[in-house]
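1. Generate a structure from the sequence data that follows.
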Amino acid sequence: MKINVNLKSVAKRKHSVKPVEYEIEGRPSTVRELILAVTAAGVKEYNERMDNSELLRYLTKEEMDDKAQSGKIGFGVNYGSKKADLLEAQENSIQCFEDGIYRIFLDSEQLEDIDKKILITEQSLFTFVRLTMLAGRMW
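-> This next block holds a predicted model:
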């Protein structure tokens, strides 16, 4: 199934949040299933990128300008050789949601209960927001 997810570009330009199409397995019916499916798609993409790493990569002027906005110009290469473990990543994703590290919005509705039933259509737009502590401790 294809879903639309709002992604924020690392560059600090106007309109840096834009919907991107994600390919996930099946049709999630709960928030938990959504988290597991999106995590599985991310792990698959990461591991494929490691398998298909290019020997010689170059950056265009536009790519360098975009990366300069974020303060780091790099090739996007994973220099480690360890692939992501799917089960570990999924457990971490669930734990982070339960701990309030990130929030999920379906269209404009916040999804708070991990076992809440959801209805996904082709027009659904998901937004994942990672929360950042500004000062002090979490507990």
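
2. Going by C-alpha atoms from here, please, whenever you check contacts or count neighbours.
-> Noted.

3. What residues of the worst-scoring helix or strand of the chain on mean pLDDT count as buried?
-> Every helix and strand in the chain was compared by mean pLDDT, DSSP states H and E; the lowest is helix 61-70, with a mean of 77. Residues Asp66, Lys67 are the ones in helix 61-70 that count as buried (16 or more other Cα atoms under 10 Å).

4. residues in contact with whichever helix or strand comes after that helix?
-> Scanning forward in sequence from helix 61-70 by DSSP states H and E, the next helix or strand is helix 86-98. Residues outside helix 86-98 that contact it (Cα atoms under 8 Å, 6 or more residues apart in numbering) are Arg32, Ile35, Leu36, Thr39, Ala40, Val43, Tyr102, Arg103, Ile114.

5. Any of those buried? List them.
-> Using 16+ other Cα under 10 Å, the buried ones in the contacts of helix 86-98 are Arg32, Ile35, Leu36, Thr39, Ala40, Val43, Arg103.

6. Much appreciated, bye for now.
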